[in-house]
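Trainee: Quick one, what's the 3D model for this:
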Amino acid sequence: MSIEMIFGQQLRKIREERKLSQEELAFRAKLDRTYISLLERGKRRPTLNTIFALAAQLNIKPSEIVQLVEGEVHNSIHES
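Mentor: Prediction:
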């Protein structure tokens, strides 16, 4: 599984835990809703600025998002 896909899964999980819609997260982070959708589906790579903007609105440190992705990447490598 690609890093983009894993990032998207983690982003969706965190967003849903915070009970935010894609639209609400996009509005708060000053991003387009379709961009959030593309990120969650692993179709786009987030920039560092995007990770920071999303993290701020999800009340999580940017490094925590990266750590979640890193853990899933590590798991997927060792499962294959």
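Trainee: Show me the shaky parts of the chain.
Mentor: 80 (pLDDT under 70).
Trainee: who does the longest helix anywhere in it touch, helix- and strand-wise?
Mentor: For the chain, the longest helix by residue count, based on DSSP state H, is helix 62-79. Applying 3 or more Cβ pairs under 8 Å, 6 or more residues apart in numbering; DSSP states H and E, one finds that helix 62-79 contacts helix 3-17, helix 48-58. Where C-beta positions appear, they are placed from N, C-alpha and C, glycine not excepted.
Trainee: Kindly calculate the angle that it makes with helix 3-17.
Mentor: Angle between the axes of helix 62-79 and helix 3-17 is 120 degrees (criterion: axes from the mean of the first three to the mean of the last three Cα atoms, to 10 degrees).
Trainee: Name the residues of helix 62-79 that come out as buried.
Mentor: In terms of neighbour count (16 or more other Cβ atoms under 10 Å), helix 62-79 has its buried residues at 62, 65, 68, 69, 72.
Trainee: Kindly present the helices and strands packed on helix 62-79 as TSV, with separate columns for distance to residue 31.
Mentor: TSV is the format used below for the helices and strands packed on helix 62-79 (distance: least, Cβ to Cβ, whole Å):
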stretch	distance to residue 31
helix 3-17	11
helix 48-58	7
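Trainee: any chance of those in CSV, with distance to residue 35 and mean neighbour count too?
Mentor: Output for the helices and strands packed on helix 62-79, formatted as CSV (distance: least, Cβ to Cβ, whole Å; neighbours: other Cβ atoms under 10 Å):
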stretch, distance to residue 35, mean neighbour count
helix 3-17, 11, 17
helix 48-58, 8, 16
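Trainee: Pick out the residue nearest the middle of the chain.
Mentor: Of all residues in the chain, the one closest to the mean position by Cα atoms, centre = their mean is residue 11, 2.8 Å from it.
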